[in-house]
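Novice: Quick one, structure for this:
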Amino acid sequence: MTILILLLAISLLQYGPSLGIMGSIAISLLAIPIGIAAAFSLRSRGSPGPWLGSIFLLMCGFSLIVSGMAMFSEGQTLQGALYFLLGISTFRRFPTLRSEAFLRWYSGSVNIPNTGGMLNEGEVLASCPECHSILAVMPRELNIGDRCPNCSGFLVKGPL
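Specialist: Okay, the predicted model is just below:
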(Lines give C-alpha, C1' and ligand atoms only; values in the text may rest on other atoms or scores of the structure.)
Protein backbone atom coordinates (compact mmCIF):
# COMPACT_ATOMS: atom_id res chain seq x y z
CA MET A 1 0.00 0.00 0.00
CA THR A 2 2.91 2.35 0.73
CA ILE A 3 4.27 1.86 -2.78
CA LEU A 4 0.80 2.53 -4.23
CA ILE A 5 0.59 5.79 -2.29
CA LEU A 6 4.05 6.83 -3.53
CA LEU A 7 3.02 6.09 -7.12
CA LEU A 8 -0.18 8.05 -6.55
CA ALA A 9 1.79 11.10 -5.42
CA ILE A 10 4.05 10.86 -8.47
CA SER A 11 1.13 10.40 -10.88
CA LEU A 12 -0.67 13.46 -9.52
CA LEU A 13 2.22 15.72 -10.53
CA GLN A 14 0.91 15.74 -14.12
CA TYR A 15 -2.22 17.69 -13.13
CA GLY A 16 -2.39 21.40 -12.60
CA PRO A 17 -1.76 22.76 -9.12
CA SER A 18 -5.08 22.79 -7.30
CA LEU A 19 -5.79 22.66 -3.60
CA GLY A 20 -7.12 19.09 -3.82
CA ILE A 21 -4.16 17.77 -5.82
CA MET A 22 -1.55 19.47 -3.64
CA GLY A 23 -3.30 18.32 -0.46
CA SER A 24 -3.47 14.76 -1.73
CA ILE A 25 0.24 14.81 -2.66
CA ALA A 26 1.14 16.19 0.78
CA ILE A 27 -0.93 13.57 2.61
CA SER A 28 0.49 10.83 0.37
CA LEU A 29 4.05 11.86 1.16
CA LEU A 30 3.29 12.09 4.89
CA ALA A 31 1.67 8.65 4.80
CA ILE A 32 4.80 6.92 3.49
CA PRO A 33 6.91 7.09 6.69
CA ILE A 34 3.82 6.36 8.80
CA GLY A 35 3.11 3.28 6.67
CA ILE A 36 6.68 2.04 7.04
CA ALA A 37 6.59 2.64 10.81
CA ALA A 38 3.20 0.89 11.02
CA ALA A 39 4.48 -2.14 9.10
CA PHE A 40 7.52 -2.55 11.36
CA SER A 41 5.49 -1.90 14.51
CA LEU A 42 2.77 -4.38 13.55
CA ARG A 43 5.37 -6.98 12.59
CA SER A 44 7.21 -6.65 15.91
CA ARG A 45 3.92 -6.38 17.83
CA GLY A 46 4.84 -2.97 19.20
CA SER A 47 2.18 -1.14 21.17
CA PRO A 48 1.68 1.68 18.61
CA GLY A 49 1.11 -0.85 15.78
CA PRO A 50 -2.70 -0.79 15.54
CA TRP A 51 -2.77 2.97 16.14
CA LEU A 52 -0.19 3.67 13.40
CA GLY A 53 -1.94 1.23 11.08
CA SER A 54 -5.25 3.01 11.62
CA ILE A 55 -3.71 6.43 10.97
CA PHE A 56 -2.05 5.08 7.82
CA LEU A 57 -5.32 3.61 6.53
CA LEU A 58 -7.19 6.86 7.20
CA MET A 59 -4.53 8.91 5.41
CA CYS A 60 -4.42 6.53 2.44
CA GLY A 61 -8.20 6.40 2.14
CA PHE A 62 -8.53 10.17 2.32
CA SER A 63 -5.73 10.66 -0.20
CA LEU A 64 -7.24 8.16 -2.64
CA ILE A 65 -10.72 9.69 -2.39
CA VAL A 66 -9.45 13.25 -2.91
CA SER A 67 -7.22 12.09 -5.78
CA GLY A 68 -10.11 10.23 -7.38
CA MET A 69 -12.34 13.29 -7.21
CA ALA A 70 -9.56 15.51 -8.61
CA MET A 71 -8.88 13.10 -11.48
CA PHE A 72 -12.59 12.82 -12.16
CA SER A 73 -12.85 16.60 -12.42
CA GLU A 74 -9.83 16.70 -14.77
CA GLY A 75 -11.59 14.38 -17.22
CA GLN A 76 -10.00 11.09 -16.16
CA THR A 77 -13.39 9.55 -15.46
CA LEU A 78 -12.49 5.87 -15.18
CA GLN A 79 -9.22 6.36 -13.30
CA GLY A 80 -10.85 8.85 -10.94
CA ALA A 81 -13.74 6.49 -10.21
CA LEU A 82 -11.34 3.60 -9.54
CA TYR A 83 -9.23 5.67 -7.15
CA PHE A 84 -12.40 6.78 -5.37
CA LEU A 85 -13.57 3.16 -4.98
CA LEU A 86 -10.11 2.11 -3.78
CA GLY A 87 -10.28 4.84 -1.14
CA ILE A 88 -13.69 3.62 0.02
CA SER A 89 -12.43 0.02 0.25
CA THR A 90 -9.46 1.22 2.32
CA PHE A 91 -11.86 2.54 4.94
CA ARG A 92 -13.46 -0.91 5.15
CA ARG A 93 -10.26 -2.29 6.70
CA PHE A 94 -10.34 0.22 9.55
CA PRO A 95 -12.92 -1.58 11.77
CA THR A 96 -10.82 -4.76 11.77
CA LEU A 97 -7.82 -2.92 13.23
CA ARG A 98 -10.00 -1.26 15.85
CA SER A 99 -11.87 -4.47 16.79
CA GLU A 100 -11.70 -5.44 20.45
CA ALA A 101 -10.98 -9.05 19.49
CA PHE A 102 -8.06 -8.04 17.27
CA LEU A 103 -6.61 -5.70 19.90
CA ARG A 104 -6.78 -8.40 22.58
CA TRP A 105 -5.25 -10.97 20.24
CA TYR A 106 -2.57 -8.46 19.21
CA SER A 107 -1.63 -7.77 22.83
CA GLY A 108 -1.40 -11.52 23.53
CA SER A 109 -4.46 -11.79 25.73
CA VAL A 110 -6.02 -15.21 26.11
CA ASN A 111 -9.47 -13.77 26.80
CA ILE A 112 -10.98 -13.12 23.41
CA PRO A 113 -14.51 -11.63 23.38
CA ASN A 114 -17.31 -13.71 21.89
CA THR A 115 -15.33 -16.95 22.23
CA GLY A 116 -16.39 -17.87 25.75
CA GLY A 117 -13.20 -16.43 27.22
CA MET A 118 -10.75 -18.77 25.51
CA LEU A 119 -10.14 -20.38 22.18
CA ASN A 120 -10.59 -24.13 22.10
CA GLU A 121 -7.74 -26.45 21.24
CA GLY A 122 -6.74 -26.07 17.58
CA GLU A 123 -8.76 -22.89 17.02
CA VAL A 124 -7.28 -19.69 15.63
CA LEU A 125 -8.75 -16.29 14.91
CA ALA A 126 -9.38 -15.52 11.25
CA SER A 127 -11.36 -12.93 9.36
CA CYS A 128 -14.07 -13.58 6.81
CA PRO A 129 -12.88 -12.56 3.32
CA GLU A 130 -16.31 -11.06 2.57
CA CYS A 131 -17.39 -9.07 5.66
CA HIS A 132 -14.09 -9.08 7.65
CA SER A 133 -15.76 -10.48 10.78
CA ILE A 134 -13.31 -12.04 13.20
CA LEU A 135 -14.08 -15.72 13.70
CA ALA A 136 -12.60 -18.62 15.66
CA VAL A 137 -11.88 -21.41 13.15
CA MET A 138 -10.10 -24.72 13.09
CA PRO A 139 -7.82 -24.49 10.02
CA ARG A 140 -7.44 -28.24 9.58
CA GLU A 141 -11.21 -28.72 9.46
CA LEU A 142 -12.05 -25.93 6.99
CA ASN A 143 -13.44 -27.03 3.66
CA ILE A 144 -14.58 -25.28 0.50
CA GLY A 145 -18.24 -25.25 1.58
CA ASP A 146 -17.81 -23.53 4.98
CA ARG A 147 -19.70 -20.25 5.28
CA CYS A 148 -19.45 -17.20 7.53
CA PRO A 149 -22.20 -17.08 10.19
CA ASN A 150 -22.55 -13.29 9.75
CA CYS A 151 -22.74 -12.78 5.98
CA SER A 152 -23.08 -16.37 4.65
CA GLY A 153 -20.08 -15.79 2.39
CA PHE A 154 -17.61 -18.57 1.72
CA LEU A 155 -14.72 -18.73 4.20
CA VAL A 156 -12.43 -20.54 1.75
CA LYS A 157 -11.75 -18.99 -1.64
CA GLY A 158 -10.74 -21.43 -4.35
CA PRO A 159 -9.41 -25.00 -4.00
CA LEU A 160 -7.61 -26.05 -0.81
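Novice: can you tell me how far the spatially most central residue of the chain sits from residue 44?
Specialist: Computing the C-alpha centroid of the chain and ranking residues by CA atoms, centre = their mean puts residue 93 first, at 3.5 Å. With distances defined as CB to CB, to the nearest Å, the gap from residue 93 to residue 44 amounts to 20 Å. From N, CA and C alone the C-beta is placed, and that goes for glycine too.
Novice: Residue 142 touches residue 157, doesn't it?
Specialist: No. Using CB atoms under 8 Å, residue 142 makes no contact with residue 157, being 11.1 Å away.
Novice: starting at the chain centroid, how far to the worst-scoring helix or strand of the chain on mean pLDDT?
Specialist: In the chain, the helix or strand scored least confidently by mean pLDDT, DSSP states H and E is helix 2-11, which has a mean of 71. Helix 2-11 sits 16 Å away from the centroid of its parent chain (CA atoms, centre = their mean, to the nearest Å).
Novice: Please name every helix or strand in contact with it.
Specialist: Other helices and strands packing on helix 2-11, by 3 or more CB pairs under 8 Å, 6 or more residues apart in numbering; DSSP states H and E, are helix 19-43, helix 49-73.
Novice: Check the offset of stretch 57-70 from the chain's centre.
Specialist: Stretch 57-70 sits 13 Å away from the centroid of its parent chain (CA atoms, centre = their mean).
Novice: Spell out the secondary structure type for residue 125.
Specialist: strand (DSSP: H, G, I helix; E, B strand; the rest coil).
Novice: Please tell me how far it sits from residue 104.
Specialist: Noted for residue 125: a distance of 10 Å to residue 104, by CB to CB.
Novice: so residue 123 makes contact with residue 136?
Specialist: Yes. Counting by CB under 8 Å, a contact exists between residue 123 and residue 136, whose distance comes to 4.6 Å.
Novice: Pick the most deeply packed of the helices and strands packed on helix 2-11.
Specialist: Burial of the helices and strands packed on helix 2-11 is given as mean neighbour count (mean count of other CB atoms under 10 Å); helix 49-73 ranks first at a mean of 21.
Novice: who's in contact with the helix or strand following that one?
Specialist: Downstream of helix 49-73, the first helix or strand assigned by DSSP states H and E is helix 77-91. By CB atoms under 8 Å, 6 or more residues apart in numbering, the residues outside helix 77-91 that reach it are 1, 8, 57-58, 60-74.
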